[in-house]
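*Asks:* sequence-free structure coming up:
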């Protein structure tokens, strides 16, 4: 497969998130692998900060201990954290020369064998959800074409993730609405079921249900479900 | 650009909080869209009618509930947009029972909009007219805007307070709608439970299904199907049939074939 075809496939892959069994870690792992295939880099990792959580390593192109240590360190200091905080690209730069602001990170990156580092924001408009960290062995700088492509991959992945989250949120809300409606219907059905069993009016049946729910501190809808599904009968109100 | 009347409708909808939009809102909505009536229903196993501007709109929804088919049912269930500007020309295979019954009841155009949020469809909004004729481009655009706002509003009405019913609460009075039918006020559930729905328009249908399931010794879904079948076969509104069952004036036959 030629590079152009691979690129096109990768973008389609990153957009294909609206599926039932979406797994964000698998998705990000794929992104890091594609970075290695398409860019002149030695390692790629994604640091993620989904709402309510701090920035943490989510996926990497390999699981060498040196890389995971470097990512763990990036939760405290380093280009991935700065990039996430500012929402702007950090680097690429030469680790040996221009990292006085992150002494620990520079030392650890050198020991791991990385000479060039670049962090790109995972960002859609004002929402920043993390950063993509690119690492390269040796001192040959990253081409600007590679940086641009990496940013495009990060953008596509971010849109995919945000779409997926929106869909899931909507699906949750929809399920809640459905549950709520069913509870209401069950209450009406239970009134009828009790009234028919007892030969009373539905109002009397409802009074008994309400009294039971109140004295037993249970939800009326739960009492109704028990009556409709389990043959439960509350005490009659005389 | 959103018309200022549409913007005002949406503003009132949002401000109505968990109580549901007032009846005036649905009337104004019908007026703005240039239809004779409007109904909003949510998808469940069938559909539940929540709010409507007029009796004819309610009957049109009841009819589709009874038959299990129609433009509103499809909009709410499948998320499809169904603009039927001339029902007299829509006779055919799509809604073989609904179309003639709707025309008989004096409805000649139906415009059903799905209530969608992204890939989720939670209900439908239906406008009708007693005369044939297409809905204008502007009205369709306005209806879609209102439907979007309605979908967001509805999805925010899911249960939030699900704690146990407090001892002191739950003072809702049954009745109040005449005939001792057991309809309840939305506040009667004691736990802040779903006040947003207000009364379910077809509450009595579900009560009657409960009664019939015990009397006929069949599961609830079967009882509801028989109730619908009886309403259809006897050509009566399903709510009238339900009230007769609740009031002991009618008992569904034990075997629907007999």
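*Replies:* Cool, the structure landed. Nothing here was measured: the structure is a model prediction, and the numbers come from that model. Residues are numbered from 1 along each chain as shown, chains lettered A, B, ... in the order given.
*Asks:* which SS state does the closest residue to chain A within chain B fall under?
*Replies:* Here chain B gets closest to chain A at one residue, residue B:210, 2.4 Å apart by CB to the nearest CB. C-betas here are computed from N, CA, C, even on glycine. Secondary structure for residue B:210, judged by DSSP: H, G, I helix; E, B strand; the rest coil, is helix.
*Asks:* which residues does it contact?
*Replies:* A:188-196, A:228, B:220, B:223 (CB atoms under 8 Å, 6 or more residues apart in numbering or on different chains).
*Asks:* which secondary element of chain B has the worst mean pLDDT?
*Replies:* One helix or strand of chain B scores below all others by mean pLDDT, DSSP states H and E: helix B:4-15, with a mean of 87.
*Asks:* I'd like to know which elements it is packed against.
*Replies:* Helix B:4-15 is packed against helix B:23-33, helix B:137-155, with contacts defined by 3 or more CB pairs under 8 Å, 6 or more residues apart in numbering or on different chains; DSSP states H and E.
*Asks:* for chain B, what spans make up the helices?
*Replies:* Counting by DSSP state H, chain B has helices at residues B:4-15, B:23-33, B:55-67, B:71-78, B:98-104, B:137-155, B:203-216, B:220-233, B:238-246.
*Asks:* Let me see the domain layout of chain A.
*Replies:* Listed domain ranges for chain A are A:3-169, A:180-230 (source: automatic domain parsing).
*Asks:* and these, which is most packed in?
*Replies:* Mean neighbour counts were compared across the domains of chain A using mean count of other CB atoms under 10 Å in any protein chain shown; the top stretch is domain A:180-230, at a mean of 22.
*Asks:* Pull up the distance across that domain, start to finish.
*Replies:* One end of domain A:180-230 sits 20 Å from the other (CA to CA, to the nearest Å).
*Asks:* Please see if that domain touches chain B.
*Replies:* Yes. Using CB under 8 Å from any CB of the partner chain, domain A:180-230 reaches chain B at A:180-185, A:187-197, A:201-203, A:205-207, A:210, A:213-215, A:217-221, A:228.
*Asks:* Residue A:10 against residue A:34, yeah?
*Replies:* Yes. Proximity of residue A:10 to residue A:34 meets the contact threshold set by CB atoms under 8 Å, at 4.8 Å.
*Asks:* list the contacts for residue B:113?
*Replies:* Contacts of residue B:113 (CB under 8 Å, 6+ apart): B:75, B:81, B:124-127, B:143-144, B:147.
*Asks:* Dump the residues you listed to JSON lines, plus neighbour count and pLDDT.
*Replies:* Output for the contacts of residue B:113, formatted as JSON lines (neighbours: other CB atoms under 10 Å in any protein chain shown; pLDDT from 0 to 100):
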{"residue": "B:75", "neighbour count": "28", "pLDDT": "95"}
{"residue": "B:81", "neighbour count": "17", "pLDDT": "95"}
{"residue": "B:124", "neighbour count": "33", "pLDDT": "96"}
{"residue": "B:125", "neighbour count": "26", "pLDDT": "97"}
{"residue": "B:126", "neighbour count": "28", "pLDDT": "98"}
{"residue": "B:127", "neighbour count": "25", "pLDDT": "98"}
{"residue": "B:143", "neighbour count": "27", "pLDDT": "96"}
{"residue": "B:144", "neighbour count": "14", "pLDDT": "94"}
{"residue": "B:147", "neighbour count": "21", "pLDDT": "95"}
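*Asks:* Pick out the most distant pair among these.
*Replies:* Within the contacts of residue B:113, B:126 and B:144 form the most distant pair, 13.5 Å apart (CB to CB).
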